[in-house]
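Enquirer: Turn this into a structure:
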Amino acid sequence: EIIFGGVNHQHYQGCLTWHDAVPTNEIFEKENVPFWSFRFDVVRVNGENLKSDANFAVLDSGSSFVLGPPDAVGRFMELNAISCFIEDMFTGGVIPVSCDSEEGFYAAATDCDNDISPLQFVTGATVYSLGADELFQQVETEDGVLCFVRLLSSPGEPGWLLGDVFLSRYYAAFDFGNGRIGFAENTVDNETGKCPDDWPLDINYDGSPVPPTTS
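Expert: I've put the predicted structure just below:
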């Protein structure tokens, strides 16, 4: 669902947490790049802060992956025992490769029962977490069922890119007027009530106080 001019409490839990949008010319060194970006403090896995030269993330609904710096992505894969591969141009098969390769990799895969430590984007007291439910895509292969990991490295590109993997878990609101992005946990049917702070933004707001079902 996409809404212009408001939000829909039915599809998220709690209140939106707002982050100032980063002007794109600060990231790409040119004007009018059509992306929404926000800054975070650290990216973390299993309590370890991952190495990253850029502390910002770009939201991109046109991508099915999360992309990040090779060093950070490689460390996440190592800590979670995930294997990476490149395509063999001669046979059409795949060749194992280091996940922190500066040239990147073609795909990453693991057993579907791998209890991975989630990838966490930390900003202040807020943590956005992506685990197996978001990152794994189950695929039938000649070797049986494997889970491909929807995380790739992006050599030469700044920061992180958060595609549908992130947006499948977090509701996103893009506030043009105030230059900010808001996130909350996605839900199909919110039964916990409406956030008083967000109620004036709701598509059903009619000027009345927040409905009494709010918990």
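Enquirer: So which residues of this structure form helices?
Expert: Using DSSP state H, the helices of the chain run over 24-28, 70-79, 132-135, 164-167.
Enquirer: among these, which is the most enclosed?
Expert: Of all the helices of the chain, helix 70-79 has the most neighbours on average by mean count of other Cβ atoms under 10 Å, namely a mean of 21. The C-beta positions use only the backbone N, C-alpha and C, and glycine is treated the same way.
Enquirer: Quick one: residues in contact with that helix.
Expert: 43, 45-46, 48, 50-52, 67, 82-84, 98-102, 104, 108, 117, 119, 149, 151-155 (Cβ atoms under 8 Å, 6 or more residues apart in numbering).
Enquirer: Which ones among those lie within strands?
Expert: Under the assignment DSSP state E, those contribute 43, 45, 48, 67, 83-84, 108, 119, 149, 151-153 to strands.
Enquirer: Now do the same contact list for the residue nearest the centre of the chain.
Expert: Per Cα atoms, centre = their mean, the C-alpha nearest to the average position across the chain is that of residue 166, at 2.9 Å. Residues in contact with residue 166 (Cβ under 8 Å, 6+ apart) are 59, 66, 128, 130, 134.
Enquirer: re the thing from before, could I get the helices of the chain in TSV, plus columns for mean pLDDT?
Expert: Listed next are the helices of the chain as TSV, based on pLDDT from 0 to 100:
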stretch	mean pLDDT
helix 24-28	59
helix 70-79	94
helix 132-135	96
helix 164-167	95
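Enquirer: what comes up buried for the longest strand along the chain?
Expert: Criterion DSSP E: the longest strand present in the chain is strand 12-20. Using 16 or more other Cβ atoms under 10 Å as the test for burial, strand 12-20 gives 12, 14, 16, 18-19.
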